[in-house]
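# sharing a sequence plus its predicted fold:
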Amino acid sequence: MSAASIALSVHDSAQQQTFEIRPLAGAVGAEIIGLDLSLPVNDEAFARIHRAHLDHHVLVFRNQHITPEQQVAFSRRFGVLQVHVLKQFLLAGHPEILIVSNIVENGQNIGLGDAGKFWHSDLSYKELPSLGSMLHAQELPREGGDTLFADMHKAWDDLPEALRKAVEGRSAAHSYTARYSETKFESNWRPTLTAEQLAQVQEVIHPIVRTHPENGRKALFVSEGFTTRIIGLPEDESRQILTELYAHSVLEHNIYRHQWQPRDLVFWDNRSLIHLATGCPSHLRRKLYRTTIQGDAPF
Ligand code: OGA
Ligand code: MN
């Protein structure tokens, strides 16, 4: 028996868990109620989750008491995991987990303190950007710390005709270092990238309008966090169009605001959404564990 068929039979034989998928009130998103990710998820349950992820773009699994190993194992069922370039913030013994945190211990940040201070799609600066990311809440502040998600399918569907014409068939450059050192949160701190890290984040070029490989819908694929310019246009025109695209993408009706609850595990689709960390007061502790699943080359 191959490794894949053994894995399949393990999931198949698992006891069926009953759970509910409840759409959220915002533009996108659904809650998953009654599923325990510390227990086996059989193939049928997994297929329902996968379908819901494609339909709702962000899934909120409530009250998950799972270990880093269990988060990694569940994430792996969606694809290959990506290891973040900021090695200093990977969880010890679990390089697939990036610590997203504003906590400082012994004068050192224990995690990436300002992940997502500009709207972005994770790892859009890579040749193979992320399919989706999972964040599992470890410690939450009593105030602030919400994460916003914007629907990029809808952003494309509603795009005014003139802007559509301006970008259809065009590509844009994405760069990790585009806004690397800009500050927004208090006590912001980012390590200087080594030559080796810089080599891993060379600029890449992706279509501005991409087709989702699984749901077949088109989506805008630019964001203020990582997109630097439209290829083939003069700098001022490129800047003007990108500014308009960014503003259009994050209109109020296009957004879901996630207010974190203890032990939430949130899994979003980076091919359908962009997201933003709203931040919290720096004296309040916030810590989440992120896994990032590799996607296809955008087309
Ligand atoms: C991320 C991210 C948002 C947040 O981890 O990719 O953008 O609210 N986080 O922490
Ligand atoms: Mn992010």
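Noted; the coordinates are in hand. Numbers count the residues shown, from 1 in each chain. Ligands and ions are numbered 1, 2, ... in the order given.
# how long is stretch 51-61 end to end?
By C-alpha to C-alpha, to the nearest Å, the extent of stretch 51-61 from end to end equals 15 Å.
# flag every buried residue along that stretch.
52-53, 56-61 (16 or more other C-beta atoms under 10 Å). C-beta here means a position set from N, CA and C on the backbone, and glycine is covered the same way.
# and the stretch 151-299 of the chain, which residues reach ligand 1?
275, 277, 288, 290 (C-beta under 6 Å from any ligand atom).
# contact partners for the last one?
For residue 290, the contacting residues are 84, 97-100, 115, 133-136, taking C-beta atoms under 8 Å, 6 or more residues apart in numbering as the criterion.
# hmm, back to that, and of the residues of the stretch 151-299 of the chain next to ligand 1, the nearest to residue 26?
Checking those against residue 26 with C-beta to C-beta, the nearest one is residue 275 at 12.4 Å.
# what about the closest one, how many residues nearby?
By other C-beta atoms under 10 Å, 25 other residues sit near residue 275.
# what does the chain put close to ligand 2?
Counting by C-beta under 5 Å from the ion, the chain comes close to ligand 2 at 116, 122.
# for ligand 1, give me its nearest residue in the chain.
residue 116 (2.6 Å; C-beta to the nearest ligand atom).
# just give the closest residue to that residue, not the sequence neighbours.
residue 277 (3.5 Å; C-beta to C-beta, 6 or more residues apart in numbering).
# I'd assumed residue 120 was in contact with the one you found.
No: contact status for residue 277 versus residue 120: not in contact, 9.6 Å apart, counting by C-beta atoms under 8 Å.
# ok, the biggest strand by length in the chain: who's next to it in the sheet?
Using DSSP state E, we find that the single longest strand of the chain is strand 130-139. Its sheet considered, strand 130-139 pairs with strand 265-269 (antiparallel), strand 287-294 (antiparallel) by DSSP bridges.
# how distant is it from the center of its chain?
Distance of strand 130-139 from the chain centroid (C-alpha atoms, centre = their mean, to the nearest Å) equals 7 Å.
# just the CA trace of it, in PDB.
Taking C-alpha atoms only, strand 130-139 is exported to PDB below (Å, rounded to 0.1, in the frame of the first residue of the first chain):
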ATOM      1  CA  SER A 130       0.000  30.900  -0.400                       C
ATOM      2  CA  LEU A 131      -3.200  28.900  -1.000                       C
ATOM      3  CA  GLY A 132      -4.400  29.800   2.500                       C
ATOM      4  CA  SER A 133      -3.200  30.500   6.000                       C
ATOM      5  CA  MET A 134      -4.400  29.200   9.400                       C
ATOM      6  CA  LEU A 135      -4.100  31.300  12.600                       C
ATOM      7  CA  HIS A 136      -4.700  29.600  16.000                       C
ATOM      8  CA  ALA A 137      -5.300  32.000  18.900                       C
ATOM      9  CA  GLN A 138      -3.000  31.400  21.800                       C
ATOM     10  CA  GLU A 139      -3.300  34.600  23.800                       C
END
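# do that strand and ligand 1 come into contact?
Yes: applying C-beta under 6 Å from any ligand atom, one finds strand 130-139 touching ligand 1 at 133, 135.
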